[in-house]
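next comes the sequence, and after it the predicted model I'd like to discuss.
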Amino acid sequence: SSVSLQILFYVNGIYYIFYFFATLAMIVYKSQVFSYPDSFLAPDLALLLIMAILEALRLYLGSKGNLTEEEAPLGLSLVLTVGSALLCVYFLAWQTYVFKADVILSAVLLFTYGLVSVLEIAAIAAFVS
């Protein structure tokens with residue numbers, strides 16, 4: 001198994017908890033301070049919840065696949081990484097109001113997704129051979 005990948009899964013899990021609560025707090029703040037359309041508030045919150053579920057599954061499958069040296073869970077984790085990255089891009093650029101803090105938090109998360117993806121591909125290649 002890849003120690004660096006396992007450490008990155010752990011760090012990514014801790015960072016995502018911070019990301020989730022910071023994004024949730026900013027959405028609540030935006031809804032109170034700005035004229036946040038009600039038709040956009042529920043979808044933004046739903047997408048954040050969906051992202052949290054995807055992230056939990058991604059980290060679980062990635063850690064399990066790495067520790068057991070199985071390609072299938074790591075491959076599923078890689079697919080879920082793509083979904084999480086798309087949702088992260090939504091919060092980076094496409095949500096109703098985007099603060100500079102949203103950009104910074106999402107950019108850091110996208111960077112960690114990139115690192116995890118590279119290490120997952122390397123781990124899958126090592127497990128296959």
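Arrived safely, thanks for sending.

the closest residue to Ala85 other than its chain neighbours sits in which helix or strand?
If the residues on either side of it in the chain are set aside, Ala85 comes closest to Tyr113, at 4.8 Å by Cβ to Cβ, 6 or more residues apart in numbering. Any C-beta I mention is one placed from the backbone N, CA and C, and that applies to glycine too. In this structure, Tyr113 sits in helix 100-128 according to DSSP states H and E.

model confidence over that helix, on average?
Mean pLDDT, computed over helix 100-128, is 97.

for the spatially most central residue of the chain, give me its contacts.
Centroid-nearest residue in the chain: Ser84, 4.6 Å away (criterion: Cα atoms, centre = their mean). Ser84 makes contacts with Met51, Leu54, Glu55, Arg58, Tyr113, as judged by Cβ atoms under 8 Å, 6 or more residues apart in numbering.

which residue packs closest to it, ignoring adjacent ones?
Sequence neighbours aside, Leu54 is the residue nearest to Ser84 in space, at 5.0 Å (criterion: Cβ to Cβ, 6+ apart).

circling back: in three-state terms, label the residue nearest to the centre of the chain for me.
What DSSP: H, G, I helix; E, B strand; the rest coil gives for Ser84 is helix.

from Ile17, how far out is it?
Distance of Ser84 to Ile17, computed by Cβ to Cβ, to the nearest Å: 14 Å.

and Val28, by the same measure?
From Val28 to Ile17 the distance is 17 Å (Cβ to Cβ).

can you point out the buried residues in the helix or strand hosting Leu41?
Following DSSP H and E, one finds Leu41 within helix 38-68. For helix 38-68, burial by neighbour count (16 or more other Cβ atoms under 10 Å) applies to 44, 47-48, 51-52, 54-55, 58-66.
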